[in-house]
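Colleague: Any chance you can model this:
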Amino acid sequence: MFDDEDSGGVSLDPPQPLPAEISKQTVANLPTKSAPVTAQPTNTERRFILVEGVESSYNMGTKKLSADRPGGSAALPATGLSRGELAAARDHFTPVLALAKYPYKFCNKSHSQDIASAFFDAGKFWNRPWDLYYIWDVEPTNPIILVRESQFHDLLNEINNRLNLGLKITDAQRAEGLVGHFPNHPACLPRYLGRSNTRDQYDSMVSDVPDSSFRAAGERSNGPPDSGTLEQFKKMMEDLWDAQQKKNKAKKAEKMLERIGRQTSMVDQLKRAQRYLGLRAANGQNMSSSPLQAVSPMSPAPFNTEQSVVFVCVDVESYERAHNKITEIGVATLDTQDLVGIAPGPDGDEWRKIIKARHFRIKDHLHLINHEFVHGCPDGFDFGVSTVVDLKEAPAHVAACFKSPFGAHASNNTTEEELVNIALRQLNLNGKRNLVLLGHDTLSDVRYLQQLGYDPMKVENIIEAMDTAKMYQAWRREPQPTSLGRIMNDFDIAAWKLHNAGNDAVYTVRAMLAICVREASIRGSTELEAKRNEDKAARIAAVQEAAAQRVKEDMEGWSDGETAGDGGGPVPLKSA
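Modeller: Numbering: from 1, shown residues only. Okay, the predicted model is just below:
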């Protein structure tokens, strides 16, 4: 629950550690001169290569519904594995029986029936190629059957493209065991079972899984995992079992507490963002005993900008058929010192003008343009001039945006006078500024930056990472994250040429401002209460409609059977 009297004050810990398989290379020195925009080179790469294990930054679902797009999936590339061989330690996996329940258990109820009808019901889920893996628990009874996370992503991409949605794997779903990463020890890694294309093939393969003692030809002997690895594996297996089975009352209560904890964390994040912007006082700083009052967007923020932070937002775009190929990097910055004495305007309209943005295109990948799952527009940067850089120089260019002058550059029309003022302010503030890393699904972009060779986890003056997807989820009390495009539409803010990394970085900062200013301007009002009640009623109605439709479909089969035929002849006994 959003308590306006609470400042959201928690320890500002750095972001959680990321999977160890992401590369963390040393940042190169900043080049003395940025490369100008040049013509695209000849396309030297014609093959599509599917590289698994790396998530896309966004899947906005902004394309219009394609009526002729099939529900089936494209052919899968060969795995290169034989039956019983170990999977790579870097891969993430999803229990296939849990995934089969996705529309009913893991996604927004307002979309569940459409998703189920188009991709899951009547055997559709099983009638597509799945690369199956198996894993035995410490006490082997039945194996858990898995598919790679990348194939889960492929399915979501097809759903989004067909139904114009913005589904993605959420942190909550990962916490519930829908996606997991196994410890790097042969005793704890899944093994390849084979490829199925139908439910009958799946059932046949699952009935003949190699036993827990099976080892592939040429596989060397390994000792048992250490106690820490074993405990991690046991916990992971428990989560996987929970994800694909019905939860008992104790588990439901535990998961409810975890959900409440996640929701509270999201609300606190929004409150801290407001404190950084001067839109909310920390506990003990509001001298009035009355509840926190609404803030007029037509007057300067009434509170101090806490910790004098600079928001640094990063968006990374990768090639849709090979996510290890980074094509664009966008960086947008907002220095809260520039907001002092300036009224935010409705939904932060005036503060938007202060955002600085850079857009880097990777020279090595200029010819790779997304068009299948999202409409890429790498040449459509609207907030300055794009800069083309070599892949090896990109980390240094990104690193420069995390230091003074924080993205201010001639490419975004920053004047010499402004650059001098920024430098003088930096001297007055005695060195390093506190930074807040901002993103929309921030963790994905952090992983991309690490893959690129720049690790924000090692930047000491980043005090925390924030996520506009979570802020909006807290503001609207949504069960699932919302795409950036839909957030901009909700606030009636123009957002042209999405999926350009520079534009998306700017839109993400604008989304944060809109969320923070809108909440601050109507907090405690009858308008807010009416909006909350309206949203609640709409969700209840959507759930009731979906439930009624399912009951109707379940009953139709019975009624059809009652009126047709006379029961036919005797059914002979069959041997067991």
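Colleague: and Arg477, how many neighbours?
Modeller: 15 (other C-beta atoms under 10 Å). Placement of C-beta: from N, CA and C, glycine included.
Colleague: Could you do the one 3 residues further on as well?
Modeller: For Gln480, the tally of surrounding residues (other C-beta under 10 Å) stands at 18.
Colleague: Which of the three states applies to it?
Modeller: coil (DSSP: H, G, I helix; E, B strand; the rest coil).
Colleague: residues contacting it?
Modeller: Each residue near Gln480 by C-beta atoms under 8 Å, 6 or more residues apart in numbering is listed here: 107-108, 170, 473.
Colleague: which of the residues you listed tops the neighbour count?
Modeller: Top of those by neighbour count (other C-beta under 10 Å): Gln473, with 25 neighbours.
Colleague: Can you name the element that comes right after the helix or strand hosting that one?
Modeller: Secondary structure assigned from DSSP states H and E places Gln473 in helix 468-476. Where DSSP H and E defines the elements, the next helix or strand beyond helix 468-476 is helix 484-490.
Colleague: Determine the set of other helices and strands touching that next one.
Modeller: helix 468-476, helix 501-522 (3 or more C-beta pairs under 8 Å, 6 or more residues apart in numbering; DSSP states H and E).
Colleague: Now tell me what touches it from outside.
Modeller: 58, 60-62, 166, 440, 468-469, 472, 476, 482, 494-495, 498, 504, 507-508, 510-511, 514-515.
Colleague: Just the buried residues of it, please?
Modeller: By 16 or more other C-beta atoms under 10 Å, the buried positions in helix 484-490 come out as 484-488, 490.
Colleague: Same check on stretch 303-312?
Modeller: For stretch 303-312, using 16+ other C-beta under 10 Å, the buried residues are 303, 305-306, 309-312.
Colleague: Which other helices and strands does the helix or strand encompassing Arg447 contact?
Modeller: Per DSSP H and E: Arg447 is located in helix 442-452. Contacts defined by 3+ C-beta pairs under 8 Å, 6+ apart place helix 442-452 against strand 310-319, strand 322-335, helix 394-401, strand 435-439, strand 462-467.
Colleague: between that helix and strand 322-335, how many degrees?
Modeller: For helix 442-452 against strand 322-335, the angle by axes from the mean of the first three to the mean of the last three C-alpha atoms, to 10 degrees is 110 degrees.
Colleague: Quick one: mean pLDDT for helix 442-452?
Modeller: In this model, helix 442-452 has an average pLDDT of 90.
Colleague: Using CSV, write down the CA coordinates of it.
Modeller: What follows is helix 442-452, C-alpha atoms only, in CSV (Å, rounded to 0.1, in the frame of the first residue of the first chain):
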residue,chain,number,x,y,z
THR,A,442,17.4,-2.1,-15.7
LEU,A,443,19.0,-5.5,-15.0
SER,A,444,18.9,-6.4,-18.7
ASP,A,445,20.8,-3.3,-19.7
VAL,A,446,23.3,-3.8,-16.9
ARG,A,447,24.0,-7.3,-18.4
TYR,A,448,24.4,-5.8,-21.9
LEU,A,449,26.9,-3.2,-20.5
GLN,A,450,28.9,-5.9,-18.8
GLN,A,451,28.9,-7.9,-22.1
LEU,A,452,30.1,-4.7,-23.8
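Colleague: Report the inter-axis angle for that helix versus strand 435-439.
Modeller: 100 degrees.
Colleague: Just name the shakiest helix or strand of the protein by mean pLDDT.
Modeller: Lowest by mean pLDDT, DSSP states H and E among the helices and strands of the chain is helix 416-428, with a mean of 66.
Colleague: residues near Met471, how many?
Modeller: Per other C-beta under 10 Å, the neighbour tally for Met471 reads 27.
Colleague: What residues does the closest residue to Leu178 other than its chain neighbours make contact with?
Modeller: Using C-beta to C-beta, 6 or more residues apart in numbering and skipping residues adjacent in sequence, the residue nearest Leu178 is Ala243, 5.4 Å away. Shown in contact with Ala243 (C-beta under 8 Å, 6+ apart): 95, 98, 176-178.
Colleague: Just give me the closest of those residues to Thr526.
Modeller: Glu176 (36.6 Å; C-beta to C-beta).
Colleague: list the contacts for the closest one?
Modeller: Contact analysis of Glu176 by C-beta under 8 Å, 6+ apart lists 106, 239, 242-243, 255.
Colleague: These: which two are farthest apart?
Modeller: Most distant of the contacts of Glu176, by C-beta to C-beta, are Phe106 and Asp239, 13.7 Å apart.
Colleague: Please tell me how far the most centrally placed residue in the chain sits from Ala98.
Modeller: When C-alpha atoms, centre = their mean is applied to the chain, the residue found nearest the centroid is Asp441 (3.9 Å). Look at Asp441 and Ala98: by C-beta to C-beta, to the nearest Å, they are 21 Å apart.
Colleague: same thing with Arg476?
Modeller: 27 Å.
Colleague: Have a look at the two and say which one is more surrounded.
Modeller: Between Arg476 and Ala98, counted using other C-beta under 10 Å, the more crowded position is Ala98 (23 against 15).
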